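Engineer: Here is the input, now give the coordinates:
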Amino acid sequence: MIFDTYAALPAEEGAATPDPSVAKLFAAQGSAYSTGGSVDDIVRDYDEHGVDYGLLAKVPRDLTPPFTPAMQLDDELVHHTCRAVAEAVKEHPGRFLGAVGLDPKLGYQAARHVRIAVEEYGMRAVRLLPMWTGVPIDDRLNYPLYTAACDLGVPVCINVGVPGPMKPARLQRTILVDEVALCFPDLPIVLSHVGDPWVDETIAMLVKHPNVYLMTAGFAPKYLPEPLVRYMDSRGREKVMWSSYFPIMTVERTLREGKELPLRPEAMSGYLGDNAARVFGTP
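Structural biologist: Got it, this is the predicted structure:
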């Protein structure tokens with residue numbers, strides 16, 4: 001089984017242009033980020049390369065002004081975003097689970113947004129991007145969102161590490177996950193983007209907390225740090241998950257390089273799909 005833990009729902013017509021700092025980083029890698037793409041493109045790539053399932057996510061980041069953490073999601077925008085993901089999931093039965101990015105700044109309203117996403121639209125994960133919201137991972141403003149996700153049994157996926165866009169990095173330092181995982185031991189927390197340059201902290205959080213996992217979104221597998229690869233092949237066999245990172249990276253490249261990692265068969269099976277199925281379930 002192969003399970004892609006991060007594919008982004010392509011931007012809607014009229015959305016803001018791609019972030020130039022991100023487009024520049026991936027311009028030479030066959031990225032569809034600057035030209036767009038469709039869910040049909042994702043399914044075509046999945047069929048071509050034998051990918052069974054994907055976690056299809058949407059974050060309304062096109063509404064965030066450059067260099068300014070100001071998502072401020074209201075109910076209407078949450079409904080709109082969730083509806084777009086749910087429709088794409090429904091159009092391709094058996095291929096996708098849905099995930100949505102939410103903004104914790106409104107406190108209890110953010111908890112209601114989690115319930116809207118899960119109970120009304122069937123979202124199977126919530127994404128939290130501190131670089132966009134301006135709220136650090138361990139800030140108490142996040143706690144209503146964490147509580148609602150924990151009560152509803154859905155994982156929270158959190159970006160860690162220095163972001164590609166020109167946004168603050170300190171909000172996403174991996175060690176900030178520590179107290180959150182202690183406060184919510186029953187909440188599956190899936191770190192995203194490896195946590196560079198705090199990779200040692202990422203590994204430490206994976207080792208310490210049974211409920212903390214990692215998806216390798218944002219990294220071409222051949223560039224994964226060697227200590228992380230060693231961990232994946234040993235005590236971390238059930239902790240790390242493959243991501244295509246469509247449209248910024250391609251399914252073909254990330255899957256090919258993922259299969260080339262020096263992992264034993266049981267570690268490779270976990271990385272490519274088994275671990276994701278345990279954490280997120282399957283369609």
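
Engineer: and stretch 104-114, which residues are buried?
Structural biologist: Counting neighbours by 16 or more other Cβ atoms under 10 Å, one finds that the buried residues in stretch 104-114 are 104-106, 109-114. C-beta coordinates here come from the backbone N, C-alpha and C atoms, glycine included.

Engineer: then that stretch to CSV, C-alphas only?
Structural biologist: Provided in CSV are the C-alpha atoms of stretch 104-114 (Å, rounded to 0.1, in the frame of the first residue of the first chain):
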residue,chain,number,x,y,z
PRO,A,104,-6.7,29.2,16.1
LYS,A,105,-6.8,33.0,16.7
LEU,A,106,-10.5,33.1,17.5
GLY,A,107,-10.2,30.7,20.4
TYR,A,108,-13.5,28.8,21.0
GLN,A,109,-14.6,29.6,17.5
ALA,A,110,-11.7,27.6,16.2
ALA,A,111,-13.0,24.6,18.2
ARG,A,112,-16.4,25.1,16.4
HIS,A,113,-14.5,25.1,13.1
VAL,A,114,-13.0,21.8,13.9
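
Engineer: for the record, mean pLDDT for that stretch?
Structural biologist: Averaged over stretch 104-114, pLDDT sits at 92.

Engineer: what does it contact?
Structural biologist: Residues outside stretch 104-114 that contact it (Cβ atoms under 8 Å, 6 or more residues apart in numbering): 71-73, 75, 78, 102-103, 126, 128, 133-135, 139, 141-142, 144-145, 147-149, 152, 154.

Engineer: Of those, grab the buried ones for PyMOL.
Structural biologist: Here is the PyMOL command that selects the buried residues among those (16+ other Cβ under 10 Å):
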select buried, resi 71+73+78+102+103+126+128+133+134+135+139+141+142+144+145+147+148+149+154
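
Engineer: Narrow the contacts of stretch 104-114 to those in strands?
Structural biologist: Under the assignment DSSP state E, those contribute 126, 128 to strands.
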